[in-house]
Every structure is written in C-alpha cells, then in structure tokens.
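[1] need a structure here:
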Amino acid sequence: MSTTILISETGLSGTKNGKISVATVSQPYGEKTESIASVAISLQGNTDSPDWKIHIPKANIDEVIEALTKAKDLI
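    Coordinates of the predicted model:
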C-alpha cells in the first residue's frame, strides 16, 4: 500500500491561484516498488487534480536537482 507525505506546497509564479506541490510516495506502483518524489503543478490551485505531475525515483533525485540548478543558472 502506498503512502504519500506532502513535503511542501508553494504558489506558482505567474498565476493567481496556481500551486506547486512536492511529496514523497512509498511503494507508488505496488508492493516492493521504489519510493519516488512527486512534483505536481496545478494552474488553478486544485491539488487533488493537478495539470501536470512527474514522478522521480529516489535514485535520480540528485541528478534532477543538479539539472534544475543548471537550468536556473541559465535563465
């Protein structure tokens, strides 16, 4: 059984009510599946039904953080 823990929720820049939510999910795809970080974006603030969602396996989180940091430096 999967367990979701909300880590943070912040306003989405450039929107009136948008939200970015970050959570962890254990066993997201069934028993013995690797935990993930979930990043969800809701343009209208409806966090129960986000417009976009990505799942990042725990093993890839550091690489994704590094890539996002590089992207931030280039913007």
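
[2] Could you look up the SS state of Thr69?
    Secondary structure assignment for Thr69 (DSSP: H, G, I helix; E, B strand; the rest coil): helix.

[3] Doesn't Glu63 belong to a strand?
    No. Going by three-state DSSP, the assignment for Glu63 is helix, not a strand.

[4] That one - how many residues pack around it?
    As a burial measure, Glu63 scores 10 neighbours (other C-beta atoms under 10 Å). Just so you know, the C-beta spots here come from the backbone N, C-alpha and C atoms, and that holds for glycine as well.

[5] what's across from the spatially closest residue to Ile61 that is not a sequence neighbour in the sheet?
    Nearest non-adjacent residue to Ile61, counting by C-beta to C-beta, 6 or more residues apart in numbering: Ala37, 5.7 Å away. Listed by DSSP bridges, the beta-bridge partners for Ala37 are Thr24, Ile56.

[6] Quick check: Ala37 touching Ser21?
    No. Ala37 lies out of contact with Ser21 (C-beta atoms under 8 Å); the separation is 11.0 Å.
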